[in-house]
Structures are given as C-alpha cells and as structure tokens.
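Participant: Fold the following and give me the result.
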Amino acid sequence: MKFVSGNSEDDIGKWLANFYKENTGLKLYMPYSAIGAHDNFNLIGVAIFTDYNGSNIELHGYGPGCFTRKSIKYLFNYVFNELGCNILRARPSIKNKKAIRMLCKLGFKIECKLDDYIDKNEDAIMYKYKRSWAKRWINVST
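Facilitator: Below is the predicted model:
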C-alpha cells in the first residue's frame with residue numbers, strides 16, 4: 001500500500017474526493033485535503049480532512065480493510081506533526097457501527113451526540129482524538 005495526497009484545488013484531491021463520494025454517497029465541503037491509499041494506483045481507501053483551523057481538523061474516511069497500522073501512523077503524522085493539530089475529530093452517523101467500532105478501537109473518545117445531524121431522525125456522534133494520545137502511534141513533535 002502506498003499513499004498519495006492532494007486537496008480541493010488539485011486534480012489528485014478531486015480524484016480522491018470523487019472516490020469518497022462514489023463509495024459513501026456523502027457530500028464534501030471545501031476546502032479539504034485528502035490522502036489516498038492505493039495499490040498500483042487502484043484506490044483502496046481515502047481520508048478526507050475538513051474544517052482545519054490550526055488547532056483542530058475533522059476526518060472523513062472510507063476504506064474497508066485499509067486502516068492498517070501503517071496508514072494510521074501516516075494519517076496521525078500528517079495531522080499532529082505536519083499540521084500541528086491538537087485534536088482530530090470524526091463524526092460518523094450513529095448507524096455506522098463499523099466506523100464507531102474502529103474509532104473506539106483506535107482510542108477516540110465520545111465528545112457529544114449531534115441530533116438530526118445527518119438527516120431528520122439520523123444522529124451523529126462527535127469523537128475526538130487528542131494530540132497527546134497519538135504517542136502510542138507516532139513520535140509527536142513539540
């Protein structure tokens with residue numbers, strides 16, 4: 001597995017965003033940055049990052065079987081070392097049990113429940129992962 005990155009303004013970023021939209025049916029809002037996992041340029045997963053404000057960023061992902069130790073270390077290094085974020089957030093639908101299990105397994109903690117966030121009668125759960133927790137995965141720069 002190799003990685004490629006882009007953003008909402010370049011062709012690679014648009015390619016990664018299209019893969020995300022085609023596989024999830026969810027909309028993306030700009031600006032965003034994206035990291036894709038590929039096998040000989042056949043995309044197998046993507047992480048889309050939105051709402052970056054210098055301290056926080058939000059993760060949207062798709063990639064069944066793609067979130068391995070290698071890819072998690074790569075993503076956490078990007079978020080916490082390259083961008084210098086303090087908190088990584090994710091907000092899956094309350095119905096997305098696979099995403100919720102994965103986030104909990106990685107060490108994300110529940111921050112709050114968002115009523116009717118995805119759609120009417122479809123709630124989301126906001127999860128957070130703090131910079132200090134990433135030491136289990138990567139060397140976090142100061």
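
Participant: Quick check: what element follows the longest strand seen in the chain along the chain?
Facilitator: The longest strand of the chain (DSSP state E) is strand 109-119. Counting by DSSP states H and E, the next helix or strand C-terminal to strand 109-119 is strand 122-130.

Participant: Pull that next one out as CSV, backbone CA atoms only.
Facilitator: Provided in CSV are the C-alpha atoms of strand 122-130 (Å, rounded to 0.1, in the frame of the first residue of the first chain):
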residue,chain,number,x,y,z
GLU,A,122,-30.4,10.4,11.9
ASP,A,123,-28.0,11.5,14.6
ALA,A,124,-24.2,11.6,14.5
ILE,A,125,-21.7,11.2,17.3
MET,A,126,-18.7,13.5,17.5
TYR,A,127,-15.5,11.7,18.5
LYS,A,128,-12.2,13.3,19.3
TYR,A,129,-8.6,12.2,19.5
LYS,A,130,-6.1,14.4,21.3
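
Participant: Check which helices and strands it sits against.
Facilitator: Under the contact criterion of 3 or more C-beta pairs under 8 Å, 6 or more residues apart in numbering; DSSP states H and E, strand 122-130 touches strand 87-90, helix 97-106, strand 109-119. Placement of C-beta: from N, CA and C, glycine included.
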